[in-house]
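*Asks:* Here is a sequence together with a model predicted from it:
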Amino acid sequence: MENKEEKKIALLIDADNVSTRYVSYILDEVSNQGTPTYKRIYGDWTSPRLVSWKDVLLKHSIIPIQQYNYTFGKNSSDSALIIDAMDILYSDSVDGFCIVSSDSDFTRLASRLRESGMTVIGMGEKKTPSPFIAACEKFKYLEVLASVGNENSDESNRKNAEYSKKTVSQTRDREMLIKTIRTIVAEISDEDGWAFLGELGNILNRRLPDFDTRNYGAMKLTPLIESLNSFDIESRKTSNPHVTHKYIRNRE
């Protein structure tokens, strides 16, 4: 099985819908998933609105793709990005795509790429329409990535807790998350009601494309589950004395 570090990813950014302040966080997150072999950004670079991108593109070696807006009020960058994505798909040179935009116009593209067996990661602001989020295999909120990236390690837990209170209602309702976890645990648990936490995490990511523990102010799944106060967690030893597995059970 291919390691995630070896996965080749095409990073395609819609400049009209993304701020320059997010670029470093986008690249860091893509690197967590694999290697960005394509790094392209689409926009009308004759527009004064995009002048702030120049230094950012040079610093991060992102290739700007020029697309004139032929009609006033219309965004031609969407079409250019979609055409390039399909060309890259048929080149058979990548394992997945990362589409960065808060625009629902890329919903069908994400679905089409997944139909071809591609991993599709979406990134956008919280205003991103739900159809685009649902079409992606994973979706990351840019505000969350930036918030976590700016944290000082000494204050991480405190700021995570504060951030959780402010953002959870805007990303994924906490009660809905608890309900979803309880349902999954009931479906995969053994006769005693215990379910392997690793399997739970995999299923959560498949059912909720925008699920990310950082949305709730937690860096890992175990601290998030503990903070919900609705589940029992236990550690079990394995044949390897240095490795333990976590199990979760619905609390009555």
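*Replies:* Ah, there it is.

*Asks:* can you tell me how far the closest residue to residue 212 other than its chain neighbours sits from residue 210?
*Replies:* Once flanking residues are discounted, residue 212 sits nearest to residue 140: 6.2 Å by Cβ to Cβ, 6 or more residues apart in numbering. Yep, even glycine has a C-beta here, placed from its N, CA and C like the rest. With distances taken as Cβ to Cβ, to the nearest Å, residue 140 is found 8 Å from residue 210.

*Asks:* Comparing the two, which shows the higher neighbour count?
*Replies:* Neighbours were counted for residue 140 and for residue 210 using other Cβ atoms under 10 Å; residue 140 has more, 25 against 21.

*Asks:* Please list all residues in contact with the more buried one.
*Replies:* Residue 140 makes contact with 29, 121, 122, 123, 210, 212, according to Cβ atoms under 8 Å, 6 or more residues apart in numbering.

*Asks:* my guess is it is in a strand, correct?
*Replies:* Yes: counting by DSSP: H, G, I helix; E, B strand; the rest coil, residue 140 is part of a strand.

*Asks:* so how far is residue 206 from it?
*Replies:* Distance, residue 140 to residue 206, using Cβ to Cβ: 16 Å.

*Asks:* same check, this time on residue 84
*Replies:* Distance from residue 84 to residue 206, by Cβ to Cβ: 28 Å.

*Asks:* and what of residue 10?
*Replies:* 22 Å.

*Asks:* Give me the more crowded residue out of these two.
*Replies:* Between residue 10 and residue 206, residue 10 has the larger neighbour count (other Cβ under 10 Å), namely 24 against 12.

*Asks:* any idea which helix or strand carries that one?
*Replies:* strand 8-14 (DSSP states H and E).

*Asks:* Direction included, what does that strand pair up with?
*Replies:* Here strand 8-14 has these sheet partners by DSSP bridges: strand 35-43 (parallel), strand 96-100 (parallel).

*Asks:* Take these and lay them out in JSON lines including distance to residue 17, mean pLDDT and mean neighbour count.
*Replies:* Shown next, in JSON lines, are those (distance: least, Cβ to Cβ, whole Å; pLDDT from 0 to 100; neighbours: other Cβ atoms under 10 Å):
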{"stretch": "strand 35-43", "distance to residue 17": "10", "mean pLDDT": "95", "mean neighbour count": "20"}
{"stretch": "strand 96-100", "distance to residue 17": "8", "mean pLDDT": "97", "mean neighbour count": "25"}
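
*Asks:* Can you add distance to residue 200 and give these back as a markdown table?
*Replies:* Output for these, formatted as a markdown table (distance: least, Cβ to Cβ, whole Å):
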| stretch | distance to residue 200 |
| --- | --- |
| strand 35-43 | 29 |
| strand 96-100 | 23 |
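
*Asks:* looking at the ones you listed, which is closest to residue 88?
*Replies:* Of all these, strand 35-43 sits nearest to residue 88, with 6.2 Å by Cβ to Cβ.

*Asks:* what residues go with each domain of this protein?
*Replies:* What automatic domain parsing lists as the domains of the chain is 4-149, 156-250.

*Asks:* deepest of those domains, which one?
*Replies:* The highest average neighbour count among the domains of the chain, using mean count of other Cβ atoms under 10 Å, belongs to domain 4-149 at a mean of 17.

*Asks:* any idea how far residue 36 is from residue 111?
*Replies:* Per Cβ to Cβ, residue 111 is found 22 Å from residue 36.

*Asks:* Quick one: residues in contact with stretch 92-101.
*Replies:* Outside stretch 92-101, the residues touching it (Cβ under 8 Å, 6+ apart) are 2, 7-14, 17-18, 22, 26, 30, 33-34, 36-38, 81, 85, 88-89, 106, 109-110, 113, 118-124, 128, 132, 136, 142.

*Asks:* which stretches of the stretch 101-250 of the chain form helices?
*Replies:* Under the criterion DSSP state H, counting those that start in this stretch, helices of the stretch 101-250 of the chain are mapped to 107-115, 130-135, 142-149, 156-171, 174-188, 197-207, 221-228.
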